[in-house]
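J.: I would like the atomic coordinates for the input below:
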Amino acid sequence: MIKAYKEYWQNITNMEGSATRSQYWWPQVVNYFVMGVYSSIVGIQNYVEFTTRDRYVVLEWNMVTIGFVLLGMLIWLANFTVRARRLHDRDHSNWWIAWYLLPLIGALIIFFELISPGRYSFNKRWPINQSDF
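T.: Residues are numbered from 1 along each chain as shown. Okay, the predicted model is just below:
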């Protein structure tokens, strides 16, 4: 788990190679935990109002909210690239991320691809794992 999380941050801008299921899912779990702990410690609910449509409105800009936004942007970038590497493990190109443009169906397609096992014997385009970078 620690190795997967370390590789997650070391390859934050790497769109090449592939990532196994554990290299994708462990950082997701740790990030939810980190954001939850950060939000609880700093009392983010006092500065940011979360709406019903998965959006948030910043009520007051200060170091707490700036840290929250910056951490969120870094995690978004790292998630985007590890998602591309995970799709490579399934022998799909980065363009499969465009499925997210279809509101519900696209998210289900990508989720299915992210939980499915890799295609190691068929993967000719991205044979290198993110651990090898």
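
J.: what's downstream of the longest helix along the chain, the next helix or strand?
T.: Counting by DSSP state H, the longest helix found in the chain is helix 63-89. As assigned by DSSP states H and E, the chain's next helix or strand after helix 63-89 is helix 105-115.

J.: packing partners of that following helix?
T.: Helices and strands touching helix 105-115, by 3 or more C-beta pairs under 8 Å, 6 or more residues apart in numbering; DSSP states H and E, are helix 21-42, helix 63-89. (Each C-beta comes from the backbone N, C-alpha and C, glycine too.)

J.: okay, these, which one's buried deepest?
T.: Among the helices and strands packed on helix 105-115, helix 63-89 has the highest mean neighbour count (mean count of other C-beta atoms under 10 Å), at a mean of 17.

J.: so for stretch 71-79, mean pLDDT?
T.: The predicted model gives stretch 71-79 an average pLDDT of 93.

J.: contacts for that stretch, please.
T.: 8-9, 12-13, 27-28, 31, 34-35, 38 (C-beta atoms under 8 Å, 6 or more residues apart in numbering).

J.: those: which two are farthest apart?
T.: Thr13 and Tyr38 (22.9 Å; C-beta to C-beta).

J.: most distant residue from the middle of the protein?
T.: Going by C-alpha atoms, centre = their mean, the residue of the chain most distant from its centre is Glu60, 26.8 Å out.

J.: and the gap between the residue most central in space within the chain and Met63?
T.: Taking C-alpha atoms, centre = their mean, the centroid of the chain lies closest to Asn79, which sits 2.1 Å from it. For Asn79, the distance to Met63 equals 24 Å [C-beta to C-beta, to the nearest Å].

J.: Arg86 too?
T.: To Met63, Arg86 is 34 Å away according to C-beta to C-beta.

J.: tell me the one of the contacts of stretch 71-79 nearest Ile105?
T.: The shortest approach to Ile105 among these belongs to Gln28, at 21.3 Å (C-beta to C-beta).

J.: understood, closing this out.
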